[in-house]
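K.L.:
Fold the following, please.
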Amino acid sequence: MGRISGFRTKAASSTPDPAVSTFQNRYVQLDINASSSQAFSPPIAIPLGASNVTIQFFHNIANIAADPTTISIEQSSDGVNFSEIYSPETEPFMIASGSTYTTINVIGVLSNFIRFRFDTISGSYGVISSCNLLFA
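P.N.:
Here you go, the predicted structure:
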């Protein structure tokens, strides 16, 4: 072990230090009006090396009809051209009327950007105010 200016140094290691967190948090202000039939979040850059994301949306939505607001996740390599992350096993994520938050876990994202598409039915009102994202 060498010493530089009174600080201890150690040899570089290819083993990750378990004390260093590999998680990154991000807060995104959305302010999406639920009365619009379809709305999109801004593009969100995925941190380098992250492939899993947990998203928690905060909202206050009421639906007159029984159909809920749905959330689709889209991906892009350039932040401009998006397509839906599709898996034959998944259904659209739904926001239940009267709830104040919805949490989604996405595993195995291999892209540079994601965004969210919100589809609401006529007669819906309220707002999707923000989301917290946890990347790993």
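
K.L.:
and the residue nearest the centre of the chain, what does it touch?
P.N.:
By CA atoms, centre = their mean, the chain has its centre lying nearest to Ile55, at 4.2 Å. When contacts are counted by CB atoms under 8 Å, 6 or more residues apart in numbering, Ile55 touches Thr103, Ile104, Asn105, Val106, Phe116, Cys131, Asn132, Leu133, Leu134. For every residue, glycine as well, the C-beta is placed using N, CA and C.

K.L.:
and the nearest residue to it once chain neighbours are set aside, how many residues sit next to it?
P.N.:
Distances taken as CB to CB, 6 or more residues apart in numbering place Ile104 nearest to Ile55, at 4.8 Å, with adjacent residues excluded. Ile104 has 15 neighbours, counted by other CB atoms under 10 Å.

K.L.:
now Ile46
P.N.:
Neighbour tally, Ile46, other CB under 10 Å: 20.

K.L.:
Quickly note the distance from the closest residue to Thr120 other than its chain neighbours to Thr103.
P.N.:
Excluding the flanking residues, the one nearest Thr120 by CB to CB, 6+ apart is Thr69, at 4.6 Å. If you measure Thr69 against Thr103 using CB to CB, to the nearest Å, the figure is 15 Å.

K.L.:
More neighbours: the two, which one.
P.N.:
Ranked by neighbour count (other CB under 10 Å), Thr69 and Thr103 place Thr69 first, with 26 against 11.

K.L.:
which residues pair with that one across the strands?
P.N.:
Thr69 has these beta-bridge partners by DSSP bridges: Ile95.

K.L.:
re the thing from before, sheet partners, orientation included, of the helix or strand hosting the residue nearest to Ile55?
P.N.:
For Ile104, the element it lies in under DSSP states H and E is strand 101-107. Taking DSSP bridges as the criterion, strand 101-107 forms sheet pairs with strand 52-63 (antiparallel).

K.L.:
So for the strand it pairs with, what gets flagged as buried?
P.N.:
Using 16 or more other CB atoms under 10 Å as the test for burial, strand 52-63 gives Val53, Thr54, Ile55, Phe57, His59, Ile61, Asn63.
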